[in-house]
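In: Quick one: sequence plus predicted model below, questions after.
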There are 2 protein chains.
Amino acid sequence: MKKNEAECCDVICVHNDRVEMVREKMPEDYLLSELADFYKVFGDTTRIRILCVLLEAEMCVCDLAEVLGMTQSAISHQLRVLKQMKLVKNRREGKTVYYSLADGHIQSIISQGMEHITE
Amino acid sequence: MKKNEAECCDVICVHNDRVEMVREKMPEDYLLSELADFYKVFGDTTRIRILCVLLEAEMCVCDLAEVLGMTQSAISHQLRVLKQMKLVKNRREGKTVYYSLADGHIQSIISQGMEHITE
DNA sequence: ATAATATATGAACAAACGCTCATCTATTAA
DNA sequence: TTAATAGATGAGCGTTTGTTCATATATTAT
């Protein structure tokens, strides 16, 4: 047993070498914070359901509300979050606004999560 | 323009065909709920940071607290969440409990998120 | 211009969340 | 057995989050 493994655990932490090594390799805090924010968007049932719907077809807000059995307002609020995180895009056609997925990534992110869950 | 696109939007929703089609293809609600819960775990800076540390090396609670500059209690609470979601596993060695990633998936999930953010 | 309708948005409120603090358990050493 | 230490956990508390409700904006039809 190495010296610094004996000094445990308060002031001088157990594995100083390991702690140092990891500190150097860690990504910047702001990046990890952004990453957490990114996943946070997927971490809500309503938003995941919206994304799953858009996986199948472009949809207007009203259709989304109908499919998911929720109010237009609730859907609209969540669409804003999804748009801010660049997960969906929209186009206007008269009074109607159509939403669709912003890129192909999203499908693979969702499938990957599904794999982890269903195994 | 088809008939059901004219009846817009309240009682009879805009695109009944689209709504029906999507309803059939959607995964079960309980699955989407589990998926959201899964991503929710990644949606917190502390937990993401813990996972990133464990990506580099197995670590005891005390080391993790030291590396991340947080209290042992805070880390311990989050480790419980990570363990419940089967993202980390642990082994006891005397008084010390070592945590490590539960499987290889996690690395690829994190990298995929990073890609989306940094592009 | 006025009415109707699809969507967006701010305020309010309840629920969920993450941290702290105190305390408890488990293990080792004296 | 008692003391010391690593880790786990419940209660409390302030913050964040998601929904509702009311209202505002944008577009189209009359």
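Out: Nice, I can see it.
In: C-alpha from now on. contacts and neighbour counts both.
Out: OK.
In: Nearest residue to the residue nearest to the spatial centre of chain A in space, ignoring adjacent ones along the chain?
Out: The centroid of chain A falls nearest to residue A:39 when counting by CA atoms, centre = their mean (2.2 Å). Distance criterion CA to CA, 6 or more residues apart in numbering or on different chains; nearest residue to residue A:39, sequence neighbours excluded, is residue B:43 at 4.7 Å.
In: Doesn't residue A:66 belong to a helix?
Out: Yes. Inclusion of residue A:66 in a helix is indicated when DSSP: H, G, I helix; E, B strand; the rest coil is applied.
In: Let me know the pLDDT of the residue nearest to residue A:39.
Out: Per-residue pLDDT puts residue B:43 at 98.
In: The one 10 residues further on too?
Out: In the predicted model, residue B:53 carries a pLDDT score of 97.
In: so it touches residue A:22, yeah?
Out: Yes. Counting by CA atoms under 8 Å, residue A:22 is a contact partner of residue B:53 at 6.3 Å.
In: give me phi/psi at residue A:88?
Out: Main-chain torsions, residue A:88, degrees, to the nearest 10: phi -130, psi 160.
In: now the one 4 residues further on
Out: Dihedral angles of residue A:92 (phi, psi; degrees, to the nearest 10) stand at phi -100, psi 140.
In: again with residue A:91
Out: Torsion angles, degrees, to the nearest 10, at residue A:91: phi -140, psi 150.
In: do residue A:57 as well
Out: According to degrees, to the nearest 10, residue A:57 has phi -160, psi 150.
In: swap in residue A:98?
Out: According to degrees, to the nearest 10, residue A:98 has phi -100, psi 130.
In: Let me see the contact set for it.
Out: A:58, A:59, A:60, A:61, A:90, A:91, A:92 (CA atoms under 8 Å, 6 or more residues apart in numbering or on different chains).
In: which residue packs closest to it, ignoring adjacent ones?
Out: Per CA to CA, 6+ apart, closest to residue A:98 is residue A:60, 4.3 Å.
In: picking up where we left off before, most neighbours among the contacts of residue A:98, which one?
Out: residue A:59 (24 neighbours; other CA atoms under 10 Å in any protein chain shown).
In: what's across from it in the sheet?
Out: Assessed by DSSP bridges, residue A:59 has beta-bridge partners residue A:99.
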